[in-house]
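Asks: Provided below for reference: sequence and predicted model.
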Amino acid sequence: MLGLADPLTLLLVLSGTAFIAKFLDTSIGMGYGTALTPVLLLAGFEPLAIVPAVLASELGPGLLAALAHHRAGNARLIPHSLAMATAAAPAGAGAMRILRHALPMDLKIALFIAFTSIAGTGLAVLLAVKINKMALEIYIGSLVAATGVYLLASRHTQRALSIGRLAGLSLVASFNKGLSGGGYGAIITGGQIITGVEGRNAVAITSLCKSLTSIVGFGLYLLTHSVSQWPLVLCLCIGAVLSVPLGAAAVKRAHPQGLKVAISIACILLGALTLIKTFVAY
């Protein structure tokens with residue numbers, strides 16, 4: 001691959017590519033698979049080698065990104081201690097009510113999106129053979145671009161959190177990912193902001209959601225296929241892990257409005273690239 005015989009050079013090139021892609025993903029909540037997959041295809045890797053490597057490198061590094069966002073104060077993604085939850089709950093509250101107080105709102109949103117995503121992915125698997133691939137990719141590209149345009153146009157609008165809209169966007173995003181593998185990060189991140197989640201929290205929550213859904217995806221892949229390129233998995237994980245602290249720090253330092261504009265523009269660009277790629281391919 002890449003015409004390189006030197007393993008060290010190959011390690012540096014692949015890890016460096018993963019570093020850039022994961023920094024982008026940790027900073028604005030999208031773009032890892034979109035940026036990385038075409039590069040790996042051009043480098044000569046087979047799609048069946050790329051898919052598990054990308055899933056694995058979103059699994060562990062995604063969890064680390066969520067922890068880094070938590071430590072940076074971008075979101076609260078670790079449960080409170082039992083003592084804190086008991087103190088916060090009303091006197092005489094039952095175990096379930098204490099448990100609800102132990103889970104910060106950001107973690108509740110992440111778990112809600114992750115579990116809803118499993119349902120959307122399962123539905124996509126059942127319907128996959130009935131949907132035209134070109135029409136699907138045009139729909140995803142248009143939806144991601146429209147999300148960016150709407151975010152940009154309404155960037156000064158404050159909304160109350162809506163669980164119903166959150167469930168809807170999770171199903172749509174995971175349905176898309178289950179069918180084509182694309183659009184999940186852009187729709188989850190942009191959609192959270194549309195439903196009332198702040199930009200920093202949305203980026204951090206997306207990191208945890210991606211990691212949780214990748215656990216399911218990589219597990220299913222291991223059960224049905226064998227991983228042929230463990231060195232590729234290792235190289236991508238090294239680059240992705242190294243970028244995590246920088247990405248979390250960039251989100252912490254970003255101005256809320258500036259971050260929202262960056263996410264909007266990234267959605268528009270990713271949507272446009274998806275449409276261009278689709279029309280060129282067909």
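Replies: Arrived safely, thanks for sending. As the structure is a computational prediction, the values presented were derived from the model and not from experiment.
Asks: just give me the neighbour total for residue 12.
Replies: Look at residue 12: counted by other Cβ atoms under 10 Å, it has 16 neighbours. Every C-beta, even on glycine, is put in place using the N, C-alpha and C of the backbone.
Asks: element containing it, please.
Replies: helix 7-28 (DSSP states H and E).
Asks: for that helix, name the packing helices and strands.
Replies: Using 3 or more Cβ pairs under 8 Å, 6 or more residues apart in numbering; DSSP states H and E as the contact test, the elements touching helix 7-28 are helix 32-42, helix 47-72, helix 199-224, helix 230-253, helix 256-281.
Asks: packing partners for the helix or strand containing residue 188?
Replies: In this structure, residue 188 sits in helix 184-194 according to DSSP H and E. If you count contacts as 3+ Cβ pairs under 8 Å, 6+ apart, helix 184-194 packs onto helix 105-127, helix 133-153, helix 163-180, helix 199-224, helix 256-281.
Asks: follow-up on the earlier one: would you mind putting the CA coordinates of the helix holding residue 12 into CSV?
Replies: Output in CSV follows, covering the C-alpha atoms of helix 7-28 (Å, rounded to 0.1, in the frame of the first residue of the first chain):
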residue,chain,number,x,y,z
PRO,A,7,6.9,0.0,7.9
LEU,A,8,7.9,3.0,9.9
THR,A,9,7.0,5.4,7.0
LEU,A,10,3.7,3.5,6.5
LEU,A,11,3.0,3.9,10.3
LEU,A,12,3.7,7.6,10.2
VAL,A,13,1.5,8.3,7.1
LEU,A,14,-1.5,6.3,8.3
SER,A,15,-1.3,7.5,11.9
GLY,A,16,-0.9,11.1,10.7
THR,A,17,-4.0,10.8,8.5
ALA,A,18,-6.0,9.4,11.4
PHE,A,19,-4.6,12.1,13.6
ILE,A,20,-6.0,14.9,11.3
ALA,A,21,-9.3,13.1,10.7
LYS,A,22,-9.9,12.5,14.4
PHE,A,23,-8.9,16.0,15.4
LEU,A,24,-11.5,17.3,13.0
ASP,A,25,-14.1,14.8,14.4
THR,A,26,-13.3,15.6,18.1
SER,A,27,-13.5,19.4,17.3
ILE,A,28,-16.7,19.6,15.4
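Asks: what residues of that helix count as buried?
Replies: By 16 or more other Cβ atoms under 10 Å, the buried positions in helix 7-28 come out as 10-15, 17-28.
Asks: stretch 268-280: how far from the chain's middle?
Replies: Distance of stretch 268-280 from its chain centroid, counting by Cα atoms, centre = their mean, to the nearest Å, is 19 Å.
Asks: just give me how far the helix holding residue 12 sits from the chain centre.
Replies: Relative to the chain's own centre, helix 7-28 is displaced by 16 Å; criterion: Cα atoms, centre = their mean.
Asks: okay, and the helix or strand of the protein with the least pLDDT?
Replies: One helix or strand of the chain scores below all others by mean pLDDT, DSSP states H and E: helix 82-88, with a mean of 65.
Asks: hang on, residue 236 packs against residue 14?
Replies: Yes - with contact defined as Cβ atoms under 8 Å, residue 236 reaches residue 14; the gap is 6.4 Å.
Asks: hmm, back to that, could you dump the helices and strands packed on helix 7-28 to JSON lines with mean neighbour count, mean pLDDT and distance to residue 104?
Replies: Converted to JSON lines, the helices and strands packed on helix 7-28 look like this (neighbours: other Cβ atoms under 10 Å; pLDDT from 0 to 100; distance: least, Cβ to Cβ, whole Å):
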{"stretch": "helix 32-42", "mean neighbour count": "19", "mean pLDDT": "81", "distance to residue 104": "25"}
{"stretch": "helix 47-72", "mean neighbour count": "22", "mean pLDDT": "88", "distance to residue 104": "9"}
{"stretch": "helix 199-224", "mean neighbour count": "22", "mean pLDDT": "86", "distance to residue 104": "10"}
{"stretch": "helix 230-253", "mean neighbour count": "20", "mean pLDDT": "93", "distance to residue 104": "17"}
{"stretch": "helix 256-281", "mean neighbour count": "18", "mean pLDDT": "87", "distance to residue 104": "19"}
